[in-house]
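Q: sequence-free structure coming up:
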């Protein structure tokens, strides 16, 4: 019976492992198929051109249908391509060669067989997908292009002094920004021109506020103002999408990896290496003391119920038998808790490695996320900034924070099956909040006082 159950479990685990390993290849195939569907529509109905009214002489209903199909397949290609990139960071596709059979058009019976290694096939599919997606992302300013302010300010144009920026494409690099013929290069050229003009404005005869008012009126009357607003909206939308997607990936993927690895990888290994018959039930003295206290409380409750008449028929032998049964149950429970603590150690290591891999492979997205957070934080009002600063300082380094740190450290120790060392906890509470408070004060003095002096003044007033 045990062999059949273990065989079923191994079969399920093997099937799940095969499905997980083939996730990058499956996602790439679906993205490639969607791209080929778009190319088929282009070749059959638009003469090989883009799916638009420029290349097709169709009515409004037909154009609406083709545009709907285009949006559907573009979304499939983008989503599956993102799934391929994410899963490929965790699971490397095998380098085995596959056999591709190509039929000649002249004679169906005459064929040739060519061996294509899998990396070359993946590269060919990615190139085909990129070619199709590039045909529908060549707008005046692509939505996937994000202007990142490197000093923490949000990018502003026309009359405002431009900060040092970099142009980042979603999932791409900065090489595009170096090309003066590209939209990013043009944007960089405009920023340099604005820097020179803003420097010249510092030495003007009239106050800059008057010049800014005239410049604002000129921008409002500019026919291209609407296009610029739309471009800024697209940039902001792309930045927000990339930032939220990265946050969700950093939260969801490590959590899923931790749970899956604990249940299907680490758990069976720990149960096999540490059997119940040969291992102790308690990893540390805290678990043993907790089990003994619970057992003594159970025995005292039985004797108390006998004294008050709720269980008058209980003899000393009955109480001893009940205590023995309870002791066996506690031994099983705390043995499972000890094994669970060991599983948490290795599962958390795997989840932490996954988190680190995502960070390493998402450097450009991290820059976009930093820009998004900076824009969100520095865009708050002075009162909101002061409120958030006071909230975090009082929570982590305030008067009542030692109790929270103590509970947190004890919870971490129990999670990993470690004994809660009171000396270490008190030493940590005596040093770490002080260091954290120093970092907060230095940040307020060094950065916030320079960027938003009014927020510092509001913070001091509210803190007093």
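A: It's in. These figures come from a predicted structure and were not determined experimentally. Residues are numbered from 1 along each chain as shown.
Q: From now on I want contacts and neighbour counts done on CA atoms only, so please keep to that.
A: Noted.
Q: any idea how far the closest residue to residue 41 other than its chain neighbours is from residue 66?
A: Nearest residue to residue 41, sequence neighbours excluded (Cα to Cα, 6 or more residues apart in numbering): residue 51, at 7.7 Å. Residue 51 sits 7 Å away from residue 66, going by Cα to Cα, to the nearest Å.
Q: Comparing the two, which shows the higher neighbour count?
A: Looking at residue 51 and residue 66 with other Cα atoms under 10 Å, you find the greater number of neighbours at residue 51, namely 23 against 19.
Q: The helix or strand where residue 402 lies: which residues count as buried?
A: Taking DSSP states H and E as the definition, one finds residue 402 inside helix 401-415. For helix 401-415, the buried set under the neighbour-count rule, 16 or more other Cα atoms under 10 Å, comprises 402, 405, 406, 409, 410, 414, 415.
Q: Check stretch 300-313 too.
A: Residues of stretch 300-313 classed as buried by neighbour count (16+ other Cα under 10 Å): 302, 303, 306.
Q: re the thing from before, how far is the helix holding residue 402 from where the chain is centred?
A: Shown here is helix 401-415, whose average C-alpha point lies 26 Å from the average C-alpha point of the whole chain (Cα atoms, centre = their mean, to the nearest Å).
Q: quick one: contacts of the helix or strand that that helix is followed by?
A: Per DSSP H and E, the first helix or strand lying C-terminal to helix 401-415 is helix 422-443. Around helix 422-443, the neighbours that count as contacts under Cα atoms under 8 Å, 6 or more residues apart in numbering are 393, 396, 397, 402, 405, 406, 409.
Q: so what's residue 87 closest to, chain neighbours aside?
A: Excluding the flanking residues, the one nearest residue 87 by Cα to Cα, 6+ apart is residue 24, at 5.6 Å.
Q: and the helix or strand containing residue 255, what other elements does it pack with?
A: Element membership for residue 255 (DSSP H and E) is helix 225-261. Counting contacts by 3 or more Cα pairs under 8 Å, 6 or more residues apart in numbering; DSSP states H and E, helix 225-261 packs against strand 145-149, helix 316-360, helix 363-378.
Q: what about 10 Å?
A: For helix 225-261, the elements it packs on are helix 60-90, strand 145-149, strand 165-169, helix 208-221, helix 267-273, helix 316-360, helix 363-378, judged by 3 or more Cα pairs under 10 Å, 6 or more residues apart in numbering; DSSP states H and E.
Q: tell me the most buried of the ones you listed?
A: Mean neighbour counts were compared across the helices and strands packed on helix 225-261 using mean count of other Cα atoms under 10 Å; the top stretch is strand 145-149, at a mean of 25.
Q: Let me know whether residue 20 touches residue 84 as I believe.
A: No. With the criterion set as Cα atoms under 10 Å, residue 20 and residue 84 do not qualify as a contacting pair; they are 11.9 Å apart.
Q: before we move on, the earlier item: check which residues of the helix holding residue 255 are buried.
A: Taking 16+ other Cα under 10 Å as the basis for neighbour counts, the residues of helix 225-261 that come out buried are 231-232, 234-236, 238-243, 246, 249-250, 253-255, 257-259, 261.
Q: re earlier: check the contact lists of residue 51 and residue 66 and give me the overlap.
A: Overlap of the contact sets of residue 51 and residue 66 (by Cα atoms under 10 Å, 6 or more residues apart in numbering) consists of 38, 41, 42, 45.
Q: Give the helix, strand or coil label for the residue nearest to residue 41.
A: Secondary structure, DSSP: H, G, I helix; E, B strand; the rest coil: residue 51 is coil.
Q: Quick check, it in contact with residue 62.
A: No. Distance between residue 51 and residue 62: 11.3 Å, which falls outside the contact criterion (Cα under 10 Å).
Q: Residue 35: neighbouring residues, count only.
A: For residue 35, the count of nearby residues is 24 (other Cα under 10 Å).
Q: before we move on, which element is it in?
A: helix 23-45.
Q: buried residues in that helix?
A: So, applying 16+ other Cα under 10 Å, buried residues of helix 23-45: 23-39, 41-42, 45.
Q: Determine the set of other helices and strands touching that helix.
A: For helix 23-45, the packing partners by 3+ Cα pairs under 10 Å, 6+ apart are helix 2-21, helix 60-90, helix 118-135.
Q: ok and the longest one relative to helix 225-261, angle-wise?
A: Taking axes from the mean of the first three to the mean of the last three Cα atoms, to 10 degrees, one finds that helix 60-90 is oriented at 40 degrees with respect to helix 225-261.
Q: Just give me how far helix 60-90 sits from the chain centre.
A: 22 Å.
Q: Give me the nearest residue to residue 345, chain neighbours excluded.
A: Counting by Cα to Cα, 6+ apart, residue 345 lies nearest to residue 416, which is 5.8 Å off, once chain neighbours are set aside.
Q: quick one: that neighbour and residue 349 touch, right?
A: No. The pair residue 416 and residue 349 does not pass the contact test of Cα under 10 Å, sitting 11.4 Å apart.
Q: what's the overlap in contacts for those two?
A: Contact criterion Cα under 10 Å, 6+ apart; residues bridging residue 416 and residue 349 by contacting each: residue 343.
Q: quick one: low-confidence ranges for the stretch 1-150 of the chain?
A: 1-7, 9, 13, 16-17, 56, 90-117, 138-150 (pLDDT under 70).
Q: If we use 50, what do you get?
A: Residue ranges of the stretch 1-150 of the chain with pLDDT under 50: 93-111, 113-114, 139-150.
Q: Residue 295 versus residue 327, what's the distance?
A: 7 Å.
Q: And residue 339, by the same measure?
A: Between residue 339 and residue 295 the distance, using Cα to Cα, works out to 21 Å.
Q: next one: residue 289
A: Remark: distance between residue 289 and residue 295 (Cα to Cα) = 10 Å.
Q: So which of these two has more stuff around it?
A: A count of neighbours by other Cα under 10 Å puts residue 295 above the other of residue 289 and residue 295, at 17 against 12.
Q: so what's the more buried one up against?
A: Neighbouring residues of residue 295 by Cα under 10 Å, 6+ apart: 289, 301, 323, 324, 326, 327, 330.
Q: for residue 87, same thing?
A: Each residue near residue 87 by Cα under 10 Å, 6+ apart is listed here: 20, 21, 22, 23, 24, 25, 27, 81, 93, 253.
Q: confidence score at the last one?
A: In this prediction, residue 253 carries a pLDDT score of 94.
Q: Surely it is in contact with residue 89?
A: No. Between residue 253 and residue 89 there is no contact under Cα under 10 Å: 11.5 Å.
Q: between the two, what contacts are shared?
A: Listed as contacting both residue 253 and residue 89 by Cα under 10 Å, 6+ apart are 354, 358.
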